[in-house]
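Engineer: the sequence isn't on hand, but the structure is:
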């Protein structure tokens, strides 16, 4: 094996490891969400100046403190959630320090009722994510998590009759 072959192999392995690390970051983020929307855990997935943006029931937050505050409040409205992250497609930039990832989310959750906040509704949410990632000090973080909500519907209503709750 020549030095050129070895360098190429090293580069390719590094890229594969980076893609896998980004996928694992997304899965770790989902696990923190499923753990009562752990604000510290979720914030640890983001760069210090990272941005979390999800339309629909979400919002827009920048930086660890805003992200933590959002998830502390969200955990009071959503008492249980199970995030299924699907179809990861990660595109690394040539610089090896930035990347874009596309993911789908299928989330089953228990959310306070729109009619009576003391009651809970079983809800199905689907979201398409286009996330930006940054590698700092050898570790990947979200620079921006950007979610476009497809639907939020009560389980008994279905997504045809109730594509967005409310």
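Structural biologist: Everything's here; your move. Quick caveat, the model's predicted, so the values are computed rather than measured.
Engineer: burial of residue 147, as a residue count?
Structural biologist: Residue 147 has 19 neighbours, counted by other Cβ atoms under 10 Å. All C-beta atoms are positioned from the backbone trio N, CA, C, and that covers glycine.
Engineer: beyond the helix or strand encompassing it, next helix or strand please.
Structural biologist: Using DSSP states H and E, residue 147 sits in strand 139-154. Helices and strands here follow DSSP H and E; after strand 139-154, the next one along the chain is helix 158-161.
Engineer: state the mean pLDDT of stretch 1-18.
Structural biologist: Averaging pLDDT along stretch 1-18 gives 88.
Engineer: which of the residues in that stretch are buried?
Structural biologist: For stretch 1-18, burial by neighbour count (16 or more other Cβ atoms under 10 Å) applies to residue 18.
Engineer: same question, stretch 99-115
Structural biologist: By neighbour count on 16+ other Cβ under 10 Å, the buried set for stretch 99-115 is 99-101, 103, 105, 107, 109, 111-112.
Engineer: try stretch 44-61
Structural biologist: 45-47, 50-52, 54, 56-58, 61.
Engineer: pick the one among these closest to residue 35.
Structural biologist: For the buried residues of stretch 44-61, the residue nearest residue 35 by Cβ to Cβ is residue 45; the value is 12.6 Å.
Engineer: next one: the lengthiest helix in the chain to chain centre, how far?
Structural biologist: In the chain, assigned by DSSP state H, the helix with the most residues is helix 3-34. Offset of helix 3-34 from its chain centre (Cα atoms, centre = their mean, to the nearest Å): 17 Å.
Engineer: how about stretch 34-42?
Structural biologist: Counting by Cα atoms, centre = their mean, stretch 34-42 comes out at 12 Å from the chain centroid.
Engineer: what residue ranges in this structure are flagged as low confidence?
Structural biologist: The model of the chain has pLDDT under 70 over residues 57, 166.
Engineer: recalculate using a threshold of 90.
Structural biologist: Per-residue confidence for the chain (pLDDT under 90) gives these ranges: 1-10, 56-59, 114-115, 117, 156-166.
Engineer: residue 88 in helix, strand or coil?
Structural biologist: Following DSSP: H, G, I helix; E, B strand; the rest coil, we place residue 88 in the strand state.
Engineer: distance of it relative to residue 103?
Structural biologist: As judged by Cβ to Cβ, to the nearest Å, residue 88 and residue 103 stand 5 Å apart.
Engineer: got any residues that touch both of those two?
Structural biologist: residue 26 (Cβ atoms under 8 Å, 6 or more residues apart in numbering).
Engineer: since that was my last question, I'll sign off now.
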